[in-house]
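In: just a sequence and a predicted model for now, questions to come.
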Amino acid sequence: GDTCPDNSLITPEGLRLIDFEAACYQSVFLTAAYCRMPFSSCWCVFALPAGMAAEIEQAYREEVVGVYPALAEDEVWQAGMRQATAVWTVDATVRLLPRVMEDGPLHPTRRPAPTRRQVLRHRWETASGLEEYPALAETMRSLLREVAGTWEVAPLPPYPAFANRGR
């Protein structure tokens, strides 16, 4: 339910999820979209390097196709991912919008941490292209113009671990 980086531990056997506070049965697309967004309900959401989210998504998809063969169909997969992106965007908007009058970091003490405005603008930009859901896409574009249009906030920064990648 919350497979973001700070809820995992690197061990000699590989990554191990260590935080189950939001564990539940849910659509495989909600978990898969967690990387595409990235990390939809997490405080430590930063931009991933180009192509990394797609690699993570593909690795996850290859695992779940063994259990759900229909997910091998690109049309099925992409439709589910667009729907999950819409769900996570609405979730973030409901959680964060009431608290953006005074922008601040998503985490009260850990740094670096993106601000609520950075995350919301990133989510809205992502969802503004979901033309399969025209009302949602237009609402996101409206929020970008009418709400985020006055925010003087930097784009979502890269994950600190990858900040110097390519240098």
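Out: That came through fine. Numbering: from 1, shown residues only.

In: ranges for the strands of the protein?
Out: In the chain, the strands defined using DSSP state E lie at 8-11, 14-17.

In: any idea how far Cys35 is from Ala59?
Out: The gap separating Ala59 from Cys35 is 9 Å, by C-beta to C-beta, to the nearest Å. Placement of C-beta: from N, CA and C, glycine included.

In: oh, I was asking about Leu71
Out: Using C-beta to C-beta, we find Leu71 at a distance of 15 Å from Cys35.

In: please say which of the two ends up with more neighbours.
Out: Cys35 (21 against 18; other C-beta atoms under 10 Å).

In: tell me the contacts of that one?
Out: 48, 53, 56-57, 60 (C-beta atoms under 8 Å, 6 or more residues apart in numbering).

In: quick check: beta-bridge partners of the closest residue to Gly104 other than its chain neighbours?
Out: In space, not counting the residues next to it along the chain, Gly104 is nearest to Thr115; the distance is 6.1 Å by C-beta to C-beta, 6 or more residues apart in numbering. Assessed by DSSP bridges, Thr115 has beta-bridge partners Pro105.

In: so what's Thr115 scoring on pLDDT?
Out: pLDDT, Thr115: 95.

In: what's the answer for the one 3 residues further on, then?
Out: Confidence per residue is given as pLDDT, and for Gln118 that number is 96.

In: isn't it right up against Val153?
Out: Yes. Using C-beta atoms under 8 Å, Gln118 makes contact with Val153 at a distance of 5.5 Å.

In: give me the more crowded residue out of the two.
Out: Applying other C-beta under 10 Å to Gln118 and Val153 shows that Gln118 carries more neighbours, namely 23 against 17.

In: which residues touch that one?
Out: Neighbour list for Gln118: 153-157 [criterion: C-beta under 8 Å, 6+ apart].

In: between those, which is closest to Phe29?
Out: Using C-beta to C-beta, Leu156 is the member of the contacts of Gln118 that lies nearest Phe29, at 22.0 Å.

In: from Leu15, how far out is the closest one?
Out: Distance from Leu156 to Leu15, counting by C-beta to C-beta: 23 Å.

In: what do you get for Phe39?
Out: 14 Å.

In: for this protein, longest helix please?
Out: If you go by DSSP state H, the chain has its longest helix at helix 74-96.

In: so what touches that helix?
Out: Contact partners of helix 74-96, identified using C-beta under 8 Å, 6+ apart, comprise 27-30, 32-34, 36-37, 40-41, 57, 61, 70-71, 116, 119-120, 123-124, 126-127, 130, 132-133, 136, 140, 143.

In: grab the nearest non-local neighbour of Leu156.
Out: In space, Leu156 is closest to His122, 4.3 Å off (C-beta to C-beta, 6+ apart).
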